[in-house]
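> just to be clear, the model below is a prediction. Sequence and coordinates:
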Amino acid sequence: HQVPLADSLYELLDGDFYFIETIPMPLSTKHIGYPEYNSRPYLIQAWRNPNIKSQSYDICEGADVILFSTAYSSEYVHRFHDSNKIWFEVGERWLKKGFVNILSPRFIRWLYEYHRYYKRNKFYRLCSSAYAKHDVNLFGAYLGRCFKWGYFTKVDKVDRRLSFSKDNCDEVVRLMWCARFIGWKHPELPIKLAQRLKNKGYRFIIDMFGGGEIIEDIKSLAHKLNLDDNVKFRGNFPNDRILNEMRNHDIFLFTSDRNEGWGAVLNEAMANDCTVIASDQIGSVPFLIDHLSNGLIFKSCNLDDLEEKVIFLINNPDKRLEMSRNAYNTMIDNWSPESAAKQLLSLIDALINGHEIKLGEKGEKGVFNAKDV
């Protein structure tokens, strides 16, 4: 999910951009259909051998600005933190599992290093979650230095006046769920929802995409509830195929809890004509969704609230159409990789040259103006 943004930065900076990859792509990512990106001209795969790693050190030493992820880049940050560079830590929320996260040795080490070495330098936080600012500020980190950020998936620029046609109330409504079948993604919610919709006589299909450790349990639950005709398990597809499936569905269900740091599938669904109903605890949801305008937000893990939102969209196809149009406009106007890259460079220019930084609607710092951080 970093590739579209990296492509845009490389183009805007006329090639003066590098992406240092510190670990190889996980096999789990390859298995769900993502391709290799080895041909990108800006990619430096430091994990391959000591010579390339040494080259990555040289790049960092000569850089003016470094974006880094704490989980994979601590070695680089500690090596160069005394230099007069601008640093952006890019990350999701710290407390995904609540205060149990503070028991992590990696968290304790980073917090110690931040307060001892980094906070007096030009260190800022790009918050890839609506809840990240709260978490870091809770520990005295990045006070007054947090900016709104996220993941930026590709947004195709097409004439949506020609593509929106999902407005026939008499047809079977197609709902889509796409994630790993693991506990905190809550794949059981679409099954329980399907039982309620079927009992109330609605005509619908829920297609569930993905695989995972509890998929057989979820299949058994669907069969036990006599939902074989209403719930279809589609398996893993390549990402391009998933995007096409989004265009062919009416409603996208995003049911994860607070463990979903961002959730780039929300970007993709909103950019591909699928009206979203998403949990309020997902990191991207408060940033991307304006409730009742470009999607719907339900209370996390609350089946009653999810059912209410789904029935509203089933009964109001015109609202589905309006929300899907607004969602696409949100992505193309504010959350495309091109927009993010341009606004990041404007922010960097302001920090380097001491210019006034653009503020959000409530007077707080943010790369975007749609909502405050």
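Arrived safely. Numbers count the residues shown, from 1 in each chain.
> so, low pLDDT: which residues of the protein?
The model of the chain has pLDDT under 70 over residues 159-170, 358-373.
> okay, strands next: where are they in it?
For the chain, the strands defined by DSSP state E occupy 19-21, 43-45, 65-68, 86-91, 123-127, 146-148, 173-178, 204-209, 231-235, 251-254, 275-279, 296-298.
> adding distance to D333 and mean neighbour count, write the ones you listed out as JSON lines.
Quick note: C-beta positions are derived from backbone N, CA and C, even for glycine. Formatted as JSON lines, these follow (distance: least, Cβ to Cβ, whole Å; neighbours: other Cβ atoms under 10 Å):
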{"stretch": "strand 19-21", "distance to D333": "26", "mean neighbour count": "20"}
{"stretch": "strand 43-45", "distance to D333": "29", "mean neighbour count": "17"}
{"stretch": "strand 65-68", "distance to D333": "23", "mean neighbour count": "19"}
{"stretch": "strand 86-91", "distance to D333": "22", "mean neighbour count": "20"}
{"stretch": "strand 123-127", "distance to D333": "20", "mean neighbour count": "22"}
{"stretch": "strand 146-148", "distance to D333": "15", "mean neighbour count": "23"}
{"stretch": "strand 173-178", "distance to D333": "24", "mean neighbour count": "23"}
{"stretch": "strand 204-209", "distance to D333": "28", "mean neighbour count": "20"}
{"stretch": "strand 231-235", "distance to D333": "32", "mean neighbour count": "17"}
{"stretch": "strand 251-254", "distance to D333": "20", "mean neighbour count": "26"}
{"stretch": "strand 275-279", "distance to D333": "17", "mean neighbour count": "26"}
{"stretch": "strand 296-298", "distance to D333": "20", "mean neighbour count": "23"}
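> alpha carbons only: can I get stretch 257-267 in CSV?
C-alpha atoms of stretch 257-267 as CSV (Å, rounded to 0.1, in the frame of the first residue of the first chain):
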residue,chain,number,x,y,z
ASP,A,257,-12.3,-3.7,15.7
ARG,A,258,-9.6,-1.4,17.1
ASN,A,259,-6.8,-3.7,16.1
GLU,A,260,-7.3,-2.5,12.5
GLY,A,261,-4.7,0.2,12.6
TRP,A,262,-5.7,1.8,9.2
GLY,A,263,-7.5,-0.6,6.8
ALA,A,264,-6.6,0.3,3.2
VAL,A,265,-9.4,-1.8,2.0
LEU,A,266,-11.7,1.1,3.0
ASN,A,267,-9.8,3.4,0.6
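> now it: buried residues?
Within stretch 257-267, the residues scored as buried using 16 or more other Cβ atoms under 10 Å are 257-263, 265-267.
> likewise for stretch 289-308?
289-290, 294-298, 300-301, 303, 305-307.
> could these be laid out in CSV, adding distance to K342?
Formatted as CSV, the buried residues of stretch 289-308 follow (distance: Cβ to Cβ, whole Å):
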residue, distance to K342
I289, 23
D290, 22
N294, 22
G295, 25
L296, 30
I297, 28
F298, 33
S300, 33
C301, 38
L303, 41
D305, 37
L306, 37
E307, 41
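> take those residues and keep only those in helices.
303, 305-307 (DSSP state H).
> going by distance to V136, which of these wins?
D305 (29.3 Å; Cβ to Cβ).
> surely the closest one meets L296?
No. Contact criterion Cβ atoms under 8 Å: D305 and L296 do not qualify, at 9.7 Å.
> quick one on the thing from earlier: let me have the strands of the chain in a markdown table, adding distance to E188 as columns.
Formatted as a markdown table, those follow (distance: least, Cβ to Cβ, whole Å):
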| stretch | distance to E188 |
| --- | --- |
| strand 19-21 | 36 |
| strand 43-45 | 39 |
| strand 65-68 | 37 |
| strand 86-91 | 29 |
| strand 123-127 | 30 |
| strand 146-148 | 32 |
| strand 173-178 | 11 |
| strand 204-209 | 11 |
| strand 231-235 | 11 |
| strand 251-254 | 12 |
| strand 275-279 | 13 |
| strand 296-298 | 15 |
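> and N38, its phi and psi?
Main-chain torsions, N38, degrees, to the nearest 10: phi -60, psi -20.
> skip the chain neighbours and tell me the closest residue to it.
Counting by Cβ to Cβ, 6 or more residues apart in numbering, the nearest residue to N38 once its immediate chain neighbours are dropped is Q45, at 7.4 Å.
> quick check, that neighbour in contact with I23.
No. Contact between Q45 and I23 fails when scored by Cβ under 8 Å: they sit 9.4 Å apart.
> in stretch 218-233, what counts as buried?
Within stretch 218-233, the residues that count as buried by 16+ other Cβ under 10 Å are 218-219, 221-222, 225, 227, 230-231, 233.
> repeat that for stretch 102-115.
110-111, 113-114.
> tell me the spacing between I102 and K119.
Counting by Cβ to Cβ, to the nearest Å, the separation of I102 from K119 is 18 Å.
> what do you get for S324?
Per Cβ to Cβ, S324 is found 43 Å from K119.
> got it, and I314?
51 Å.
> ok, E36 next?
38 Å.
> same thing with K309?
Distance from K309 to K119, by Cβ to Cβ: 42 Å.
> neighbour-wise, which of these two wins?
Set K309 next to K119 and count neighbours by other Cβ atoms under 10 Å: K309 wins out with 23 against 14.
> residues in contact with the more buried one?
277, 296, 298 (Cβ atoms under 8 Å, 6 or more residues apart in numbering).
> surely the second one meets I311?
No. With the criterion set as Cβ under 8 Å, L296 and I311 do not qualify as a contacting pair; they are 11.0 Å apart.
> what sits in contact with each of the two?
With the criterion set as Cβ under 8 Å, 6+ apart, the contacts of L296 and I311 do not overlap.
> what sits up against stretch 86-101?
For stretch 86-101, the external contacting residues (Cβ under 8 Å, 6+ apart) are 64-71, 77, 81, 102, 107, 118, 121-129, 131-132, 134-136, 138-139, 142, 147, 149, 258-259, 261-262, 283, 348, 351-352.
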